[in-house]
Structures are given as C-alpha cells and as structure tokens.
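Trainee: Sequence isn't available, so here's the structure alone:
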Ligand code: CMC
C-alpha cells in the first residue's frame, strides 16, 4: 500500500527505545546498562546484583544490595495452593509446558493488588517473580522426577538455593560446591537480558495492552521454548546424542552443508562475530569439566571436536556463523547434572529479570502505546457471500 514499512522478521525495525542492554553484533560486544558483560560475569558481580542493575539502571550500594537480596529472599515461597497445580500435569510433561501454565497461574494469585500503572505495585510484582521463578522451576523438575518438592533455604545464596531445591533429597542435602554454584550463577548472568529478542518483544507486546505481568511473563516463556530461541541449548545436547561419536562428525557436517539440518548452538541473528557470552561460557565450561574430572568424557570431547571443525570450515566462516552461548551452556548444565529438558527452564529463570525490566521500562514511559503492528494484506479482494445451495 506504500503506507507501511514491510519488514517480516524485524530485520531492520527498532520496535522501541530502551536504556537497558546494548549489543554490538559486529564487534561481538554486550553491555548491561553500559557495563561490559565480561566485567559483570567474571569481575565480581553476582546474579542478584546484575538483576538490580538491569531493573534500576545503576549498581547498588552495599545497603541497597543487602535490602534487595533480603526482599527477594523473603518471597521465595509459593502459595501452598499453587503447589496443587502440578498434580494436574502428567509426570512426563515437558517442564517448559508446566512453567507456562504455572507462571501464568500466578496472575490468579496476585490479581487484586495489581495496578500496573502504579510503580510500587510493579516493583512488588518484580520481586515476586524474581523470587518465585527458581522455586517454580525446581518444582517442575522435582515433579518430573517423582520427587517431593524441596522448600527454599533462605540461608543460601539465590543460586545455591536453586541448586538445593533441584538436587537436595531428605537423605542427602545439597552441599554447595562454589565452582559449580558460580558456573550456574554465570549462566544466569549471561542469559539475563538480550534486548528485543522474540520472547522479550512478546512480553513488551502483551504488556502494552495493560495485561497482568505474570501472564506477560508466561507469554515470554512460551516464546522462549522454541528451538530457534531458548530451546537451542537443549537441541545442542540432542544433536550430540544423535551424532554419537567423533567419527560421525564429517557425515553430520555434510548434512549441515546440504541444509538437511542445522548445527545447533551456532549462528545468531545479531552477532556476526563471536558471541561474547559464548567466550565466557567456554571458560566456565573448562572450569566445570576440570572441577568434575570430566575432560575425557566422550560427549564433551565430541562437542569440542565439533566446535573446532566448525570454526575452521568455509561454510561457517563465510556465513559468519560462530558458536553462540547455548552451545556451551548446554554442555555446562549437563555437567552440573541438570537434565536436558530443564535447560530452557534455566534460561527462563535467568531471562525473567530481562523480561520484567523491559516491561517495567515500557510501563514507566508516559508515552507508551499499545503495540499494534500492521500487515500487508495479500488475500482475496472483496467478494459476495454465496449460499451453500448455490456453491458449485
Ligand atoms: N547451521 C547451519 N547453517 C546455518 C546455521 C546453523 N546453525 N545458522 C544459520 N545458518 C545458515 C543459513 O542456512 C543461511 O545460509 P544461506 O545464506 O546459504 O541461506 C545463513 O547461515 C544465514 O542464516 P539465517 O537463517 O538467515 O540467519 P537468521 O539470523 O535468520 O537465524 C538463528 C539466526 C539463530 C535462528 C540461526 O542461526 C539458527 O537457527 N541457529 C541454530 C539454532 C540456535 O543455536 N539458536 C540459538 C540462538 S542464540 C540464543 C537465543 O537468542 O535464544
């Protein structure tokens, strides 16, 4: 029609202004609120401090950090009534399916007090989400294993408590290993935000109608589930199982070049250089494998062989396809003992802060408009209804 810009897949359209995250895809750089991701992930920050930064825009003082950690820790329990939801799911339900349902159901628990135009109400919703999302994620895992739920332990750090809720059993309480807790904390920091990806854009779009934030986050979780987005780390491990061993790599690579299948964990819409998160995750991967004595594990050796071949291969070099964060995060999570079907759930736990920060930024904007894309109509022109008896 000439009235609209046609940009399927949003290859050249900025959908909003944002002060939260900046990606320089050509240089392979990522900044949260101006701070390089390397300095946050490897320079002494932790996940909750990074959350504070993403939400409020500045690093906290000691007192602000203590207060923030205390508040988040105080909200870690879920309403006892919410625990009944799981009994309605099959034991073999995908944990992401349970996440979408249960997080959406939080709307039903916090509907009365929720006035999304009120900044204080928004802040409480943010705390509730950050606090409860690891509890819900761990419950999805425990349910699928047939294990009783483990109540949160508020004496542990956010990430150590998450591992406790996943792995503790009555006869074997989880003993935090600092190297492994640090590795999971890094996974959370690296996945915390990534500007207007598909799930974050979804959360903004649903939030723009004034919807309940818990329902908006459920929409984000649904979007993250896809294999082209958050499902990629799971797909990496499934691919490694399918390849089986190093001898099968050349045949698999032939299939990639013939476009029979993709090399999962490679390529990115924005990074046309090494994903900076991938470099950090690779270092973390080395630390974790060394800590657990898994350097010679066949699956991890296969992953390293695949990475080496792909980095040197003309197909990947000419298309600027580099390993993305999910290539390594899947391997690290697998080494931590996290089952494959939980990988995307961990991603959702991390990305919740990014989603809710974007939602809050949008809701704080007095000029906010409902997101309402237009389309190019390519269907039938006007025509008259034909009664059933007259249809040929
Ligand atoms: N394996 C093989 N070929 C690939 C791959 C891959 N992983 N990724 C892209 N290509 C090829 C693609 O076939 C195309 O080739 P040609 O020019 O001959 O047609 C070229 O590279 C450009 O790719 P594209 O599909 O136009 O790129 P895109 O920006 O639309 O897709 C992507 C980005 C991430 C969806 C894609 O690279 C992909 O599917 N990768 C595998 C899945 C994956 O690891 N996803 C995680 C992304 S990072 C985490 C997140 O953001 O959630």
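Mentor: Thanks, I have the structure now. It should be emphasised that the depicted structure is a prediction, and the values quoted were computed from it without experimental measurement.

Trainee: where does the residue of the stretch 201-350 of the chain found nearest the ligand fall, phi/psi-wise?
Mentor: For the stretch 201-350 of the chain, the residue positioned closest to the ligand under CB to the nearest ligand atom is residue 267, at a distance of 2.4 Å. Glycine gets a C-beta too; all of them are placed from N, C-alpha and C. Note on residue 267: its backbone torsions stand at phi 90, psi 150 [degrees, to the nearest 10].

Trainee: same thing with the one 3 residues further on?
Mentor: Note on residue 270: its backbone torsions stand at phi -100, psi -40 [degrees, to the nearest 10].

Trainee: mind checking how far it is from residue 383?
Mentor: Separation of residue 270 from residue 383 (CB to CB, to the nearest Å): 43 Å.

Trainee: what's near enough to touch the residue lying closest to the residue of the stretch 201-350 of the chain closest to the ligand once chain neighbours are set aside?
Mentor: Spatial nearest neighbour of residue 267, chain neighbours left out: residue 321 (4.4 Å); criterion: CB to CB, 6 or more residues apart in numbering. For residue 321, the set of contacting residues under the criterion of CB atoms under 8 Å, 6 or more residues apart in numbering consists of 263, 266-267, 310, 315.

Trainee: just residue 107 next, same as before
Mentor: 212, 214-215, 218.

Trainee: again, only using 6 Å
Mentor: The contact partners of residue 107, by CB atoms under 6 Å, 6 or more residues apart in numbering, come to 212, 214-215.

Trainee: re earlier: can you list which of the contacts of residue 321 are found in strands?
Mentor: With strands identified by DSSP state E, none of the entries of those belong to them.

Trainee: Only the buried subset of those residues, as a ChimeraX command please.
Mentor: Those of these that count as buried under 16 or more other CB atoms under 10 Å are selected in ChimeraX with:
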select :263,266,267,310
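
Trainee: which residue is nearest the middle of this structure?
Mentor: Residue closest to the mean C-alpha point of the chain, counted by CA atoms, centre = their mean, is residue 347 at 3.0 Å.

Trainee: Tell me if I am right that that one is in a helix.
Mentor: Yes - when DSSP: H, G, I helix; E, B strand; the rest coil is applied, residue 347 is found to be in a helix.

Trainee: Could you double-check that it sits in contact with residue 190?
Mentor: No - proximity of residue 347 to residue 190 does not meet the contact threshold set by CB atoms under 6 Å, at 9.9 Å.

Trainee: Flag the shaky bits of the stretch 51-200 of the chain, pLDDT-wise.
Mentor: 112-113 (pLDDT under 70).

Trainee: That one against the ligand: which residues are in contact?
Mentor: The stretch 51-200 of the chain has residues residue 197 near the ligand, with proximity defined as CB under 6 Å from any ligand atom.

Trainee: Tell me if residue 48 really is in a strand.
Mentor: No - checked against three-state DSSP, residue 48 lies outside a strand; its state is helix.

Trainee: Pretty sure it sits against residue 158.
Mentor: Yes - contact criterion CB under 6 Å: residue 48 and residue 158 qualify, at 5.2 Å.

Trainee: Which of the contacts of residue 107 has the largest number of neighbours?
Mentor: Neighbour counts for the contacts of residue 107 were taken using other CB atoms under 10 Å; the highest belongs to residue 214, with 23 neighbours.

Trainee: Quick check, pLDDT for residue 2.
Mentor: Note on residue 2: pLDDT of 61.

Trainee: still on that earlier bit, any chance of the contacts of residue 107 in CSV, plus secondary structure?
Mentor: Putting the contacts of residue 107 into CSV (three-state DSSP) gives the following:
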residue, secondary structure
212, coil
214, helix
215, helix
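
Trainee: re earlier: I'd like the distance between the residue of the stretch 201-350 of the chain closest to the ligand and residue 368.
Mentor: From residue 267 over to residue 368 the distance is 33 Å, taken as CB to CB.

Trainee: Over to residue 376?
Mentor: 26 Å.

Trainee: the more surrounded of those two?
Mentor: Of the pair residue 376 and residue 368, residue 368 is the one with more neighbours under other CB under 10 Å, namely 15 against 9.

Trainee: Enumerate every residue touching that one.
Mentor: residue 362.

Trainee: Can you report phi and psi for it?
Mentor: phi -60, psi 140.

Trainee: about what we covered before: which of residue 270 and residue 383 has more residues huddled nearby?
Mentor: Neighbours around residue 270 and residue 383, counted as other CB under 10 Å, are more numerous at residue 270. The numbers are 16 against 6.

Trainee: Show me which residues of the helix or strand harbouring residue 121 are buried.
Mentor: Assigning secondary structure by DSSP states H and E places residue 121 in helix 119-145. Taking 16+ other CB under 10 Å as the neighbour-count basis, helix 119-145 is seen to contain the buried residues 122, 124-144.

Trainee: just stretch 143-158 next, same as before
Mentor: By 16+ other CB under 10 Å, the buried positions in stretch 143-158 come out as 143-144, 147, 150, 152, 156-158.

Trainee: Restricted to helices, list those.
Mentor: Secondary structure of the buried residues of stretch 143-158 is defined by DSSP state H; positions in helices are 143-144, 158.

Trainee: State the distance from the residue lying closest to residue 5 once chain neighbours are set aside to residue 196.
Mentor: By the measure of CB to CB, 6+ apart, the closest residue to residue 5 outside its immediate chain neighbours is residue 13, 6.8 Å from it. Taking CB to CB as the measure, residue 13 and residue 196 are separated by 10 Å.

Trainee: So between these two, which is more surrounded?
Mentor: Higher neighbour count among residue 13 and residue 196: residue 196, with 19 against 12, using other CB under 10 Å.

Trainee: now the strands for the protein?
Mentor: For the chain, the strands defined by DSSP E cover 21-24, 29-32, 35-36.

Trainee: other SSEs contacting the second one?
Mentor: When contacts are defined as 3 or more CB pairs under 6 Å, 6 or more residues apart in numbering; DSSP states H and E, strand 29-32 sits against strand 21-24.

Trainee: at 7 Å what do you get?
Mentor: Contacts defined by 3 or more CB pairs under 7 Å, 6 or more residues apart in numbering; DSSP states H and E place strand 29-32 against strand 21-24, helix 37-42, helix 47-56, helix 276-292.
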